[in-house]
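>>> What follows is a predicted protein model with its sequence.
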Amino acid sequence: MEELCGVGAAAPLRGDAEEPKQGSVLFLGGNEVKSSAVVKYSSAPPQAAFARLQEKTDLKLPPANWLRESAKLGPAGTTILGNNKKSKPFSSFGMAYDFIDSVGNDVDVVSDSENIKKLLKIPYSKSHVSMAVHRIGRTLLLDELDIQELFMRSSQTGDWTWLKEFYQRLIDQKWQRKKKSKEHWYQKAILSKFLYYSINGDGAAQPVPSTSKQHQEGPVSGESDEAGRSSWPAPFEMPSSLSEDPGASNQGSVPLEPSYIVGHVASAPKEQNLTTLFNDGENSQGLKNDFVRNILWTFEDIHMLVGSNMPIFGGGRYPAVSLRLRDNNKPINVLTGIDYWLDNLICNVPELVMCFHVNGIVQKYEMIKTEDIPNLENSNFSTKVIKDIAQNILSFLKSNCTKEGHTYWLFKASGSDIVKLYDLTTLCEETEDKYQNPFTMPVAILLYKVACNMMLKKNQNKKHYGTIRTLLLNCLKLLDNGRHPQPSCAFPVCHGTEERCRLVLNYVLEGLKSVDSSVKKEGDLPAADPSTPIPLKYEDESTSGGPECLEKQMALFLDKMGSFQKGKHCSQSGMIPGSWQYKMKLQLILKSSKAYYVLSDAAMILQKYGRALRYIKLALQCHDTYCCLCASMLPEVLVFLCQCLTLCGDIQLMLAQNANNRAAYLEEYNYQTKEDQEILHSLHRESRCQVFAWATDLSTDLECQLSVSCKCYEAAYEILLFSNLKNQNPEQYIQVLKRMGNIRNEIGVFYMNQAAAVQTERLVSKNVSTTEQQLWKKSFSCFEEGIQNFESIDDATNAALLLCNTGRLMRICAQAHCATEGDFKREFSPEEALYYNKAVDYYLKALRSLGKRDVHPAVWDSVNWELSTTYFTMATLQQDYAPLSRKAQEQIEKEVSEAMKKSLKYCDVDTVSARQPLCQYRAATIHHRLASMYHSCLRNQVGDEHLRKQHRVLADLHYSKAVRLFQLLKDAPCEFLRVQLERVAFAEFQMASQNSSAGKLKTLFGALDIMVKAKGAFQLIRKELVAESEQKSKDKSSAENVSPNDSPTGLNKEEVLKLLSIFESRMSFLLLQSIKLLTSTRKKIGGINEEEVVLKTNKQVYSLLLRATANKSMTLLERIEVILNLLEQLAQNNEDSNGGIQ
């Protein structure tokens, strides 16, 4: 027993409402509570406008249309107007059957709206609560459990005596039935009359003269104490025969689709129609969805399928309102307010119309918005409390109602604050008749239906395999073979895969034992001439391509696989071909092979790769024996062999990729059941079972596992080829080729990584080792074969990936041919150029294979990036290690420029992606390198003035582009600063060749402007230094672990210090030169002008800079602050004087 005490508190509801429609969604709530509802089903016609009754209308008098069917309301009219009998105890099951897709997955709760309201009113109400709770997956089904009705039934029939005894023993020892008061029936009667009055189309109430007092004081027709009582069925008994009346069996049933027949779940006999059986069971139990509306209500994060019969009318400002009748002498209390509010939320009704009466005489009407109900006088309640109650109760139930198929009883006694939960199934099992629980059959049917529904969704079969199995097993637990013979007989085969296969293998073993025991012992057999073949009976073959030809090809294949078996078609046990034992054993062996294959596939899905390899080994051993005995190779057998080898290849690949769990896989592989051993013993009577040993050994060597996997796929491919089965099995043929391409890629990558490792570990040597070259050749061969596999099935994407990997292999070859760093005057070698150009060719082929980006954007972008990287690496190596011994400087510069431009072409800086910052950084670096190269050419070049001018323009252009791109990046301040310093050096170089003071001043101001624009880089550096300082102050221990040149933010302090020193030096030089030139100009011109102001500022900045650089005790952060301050002064000076170049 579990108990739940207390609930939360919250705030009132505010919100707007929209017109509710069938199937529409309405959000009604404020900041604290969210509610939306979708009408999944409605038997009610469009809302009829309600008639506003005249004042003084006497509701004690029945209207002319009372308890009569209305054309406006349709056949559901009496239900809509509240005259239906009490909701059946299995009402949630009826809804669940109708909306089976929602059960177990999407919906948290299925119930009558009255039950939902009872639960949410628990903290405010002293009334008792009694409900039955059932769990199906993540869904809870709630039904009213009328204890009084149950115990009345118990005293008449003897059912439920165990629950009555339990109730009296633990809860209420002096139980007696409480009758409803006369006032209760009076209020019910006038409400019914009020609603019938309200549907009169002419708006006038027309009472019928009463001939007796029964309408005034008696209960509503059909609502006597007995009639109003819910009809509880007896514990379900299986009918001896189905109903002979066709109409009777379909009355109110919830028909299943034909596909629900158990034949789809298991191999049940076709004549055993469980659909009819279950439908009959549903009808006899009253499992019918008799609600006017079924609504999918979402309250906060709780999804509920709710049944409601609330009358809804049209009128007012909205096309939908709920109608309520209230005694004017009795104020609305909190319970009534919550009731009205929840009804409107559940049914998407935005407004409430309240009719007030005194002793049945109509007084007035009042319109209330749904969101205003929580704030009514005398009925104030917090909507957040209701939300917290809902979440707390759902959490409590889901935490404690954990067993599927069990019936739980949620009970709160009158006047108590404690909610208790009992497991009735456990209590019932302790009685003499544990099948007395009437919920047993409905729950079993629902479990079965949910499982069938999941199984019919083929795309979810494997995903929900464990869930389906659990549902069916829980269904079985509820059924008694004696009481429910038909379903119990049909269900046992609906086990999970392993259980089903084990059952098959158990029967196979019994059959094998019978066959083996009937075969004569070898000593009793007549001696046979070893040189004389045993005659075999072949079917007449009209063509040479029949089984005989297939058998020869199979023998050649086995020979090629290194496992040719001599003495084929010779039974070692002495079975005579064509005998019943021979035929039976062939069939049994083939069945066992298929069962082991299914077990292996299931283990593969569960990632139990050791177990999977053990099972596929047994499957292939069975297949080996079958081939040994069988006279001819049937196409079906060869297709199955192809499937076995393909699965074996998959398993070996998974074992290779999960080498860390090798010990666990080895333990799984070596385990063997007694049943498996006995089957294997029977196989060994006919064959050694070693033909496929090469495929099923568990190796500890990665290369061996990959090779075996490849060999399995190749074997499967050859079977499909030589048996001409590829045309009949195109999908399997494509899958085998895909796997061959994939495994060859895996092996190629394996050899490529080995070559890279050997290259890294190689001692200082100019020569590439033979080992490396062999690994390259192996890797290249695998990639080439894989590309052919993918191209043969037009798989452009995977072909492009393998071409990309081949390009990467070429780059590794190029890296292996570069001279070691220790070499004097290292140069970019011809071998490097050769392999880099080959890499480029393969990347271009990959792009041609894809054709356009739309085919596979991710692969296309990846190939472009690799191509850009290859061009960039080539250009960088040529620039840094120029092969001047083989080529002229101009030729090298041209090749570097072309390679850099091609790298830029394939570097996409505009497309927004995770790689965009990398592309921007790459492009900025390329522009920086090109600018540096042209800058260097300009410095070293003498003579051709036109060429010098061209280099000057190009250097300036690429420096500008590099700056623009580095400014976009927030994590490259050092690179940005370096570019700016190079631009300053470029300006200084230009200034050196200038003769006029005006020209030099212009260049100087331009260089100072470049330095001012470097302020952004220093601001980023300062930001990172401040962040690091704050981190150190928070975590002193981490400060001890950080080296002085590194920072937690990734800033290289050593690099920053170096650049800062250069910056200070160049700034000091430029300021000094500007002061000299401006002073000289002032002496010549005289007077005060703009240059005088600039001179004054530059002197001041120069003085401060000298003092700062002289102070060796300043920290890096302080030096940065000084520079930022000086740059700010220079920037202000430039704005005031409009000096410098733009």
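Good, I have the coordinates. Residues are numbered from 1 along each chain as shown.
>>> Look at the nearest residue to Gly1016 once chain neighbours are set aside and tell me its secondary structure.
Leaving aside its sequence neighbours, Gly1016 sits nearest to Gln967 (Cβ to Cβ, 6 or more residues apart in numbering; 6.6 Å). Heads up, the C-betas are built off the backbone N, CA and C, glycines and all. The local conformation at Gln967, judged by DSSP: H, G, I helix; E, B strand; the rest coil, is helix.
>>> If I look at Gln967, what pLDDT would I see?
Gln967 carries a pLDDT value of 86.
>>> didn't it look like it was pressed against Val979?
No. Counting by Cβ atoms under 8 Å, Gln967 does not reach Val979; the two are 10.0 Å apart.
>>> name the helices or strands packed onto the host helix or strand of His134?
Element membership for His134, per DSSP states H and E: strand 129-136. Identification of packing neighbours for strand 129-136 by 3 or more Cβ pairs under 8 Å, 6 or more residues apart in numbering; DSSP states H and E yields helix 113-120, strand 139-144, strand 408-412, helix 440-456.
>>> Among those, single out whichever gets nearest to Trp865.
Proximity of the helices and strands packed on strand 129-136 to Trp865 was assessed by Cβ to Cβ; the nearest stretch is helix 440-456, lying at 43.4 Å.
>>> Out of the helices and strands packed on strand 129-136, which gets nearest to Asn727?
Relative to Asn727, the nearest member of the helices and strands packed on strand 129-136 by Cβ to Cβ is helix 440-456, separated by 31.6 Å.
>>> report the angle between the axes of the closest one and strand 139-144?
Angle, helix 440-456 to strand 139-144, by axes from the mean of the first three to the mean of the last three Cα atoms, to 10 degrees: 150 degrees.
>>> Would you mark the buried spots in helix 440-456?
440-455 (16 or more other Cβ atoms under 10 Å).
>>> Tell me which helix or strand in the chain has the weakest average pLDDT.
Within the chain, no helix or strand scores below helix 246-250, which has a mean of 35 by mean pLDDT, DSSP states H and E.
>>> The residue nearest to Gly1016: how many residues sit nearby?
Using other Cβ atoms under 10 Å, Gln967 has 15 other residues around it.
>>> ok, now how distant is the closest residue to Lys477 other than its chain neighbours from Ala755?
Leaving aside its chain neighbours, Lys477 sits nearest to Gly405 (6.0 Å; criterion: Cβ to Cβ, 6+ apart). Using Cβ to Cβ, to the nearest Å, one gets 60 Å for the distance from Gly405 to Ala755.
>>> If you count surrounding residues, which of the two has more?
A count of neighbours by other Cβ under 10 Å puts Ala755 above the other of Gly405 and Ala755, at 25 against 22.
>>> List just the nearest of the buried residues of helix 440-456 to Tyr733.
Of the buried residues of helix 440-456, the one sitting nearest to Tyr733 (Cβ to Cβ) turns out to be Met455, at 29.1 Å.
>>> can you give me how far the strand holding His134 is from the chain middle?
The gap between where strand 129-136 is centred and where its chain is centred comes out at 31 Å by Cα atoms, centre = their mean, to the nearest Å.
>>> Could you do stretch 600-614 as well?
23 Å.
>>> Now do that stretch: everything it contacts.
By Cβ atoms under 8 Å, 6 or more residues apart in numbering, the residues outside stretch 600-614 that reach it are 462, 465, 497-498, 501, 615-616, 619, 647-648, 650-652, 654-655, 658, 661, 664-672, 696, 698.
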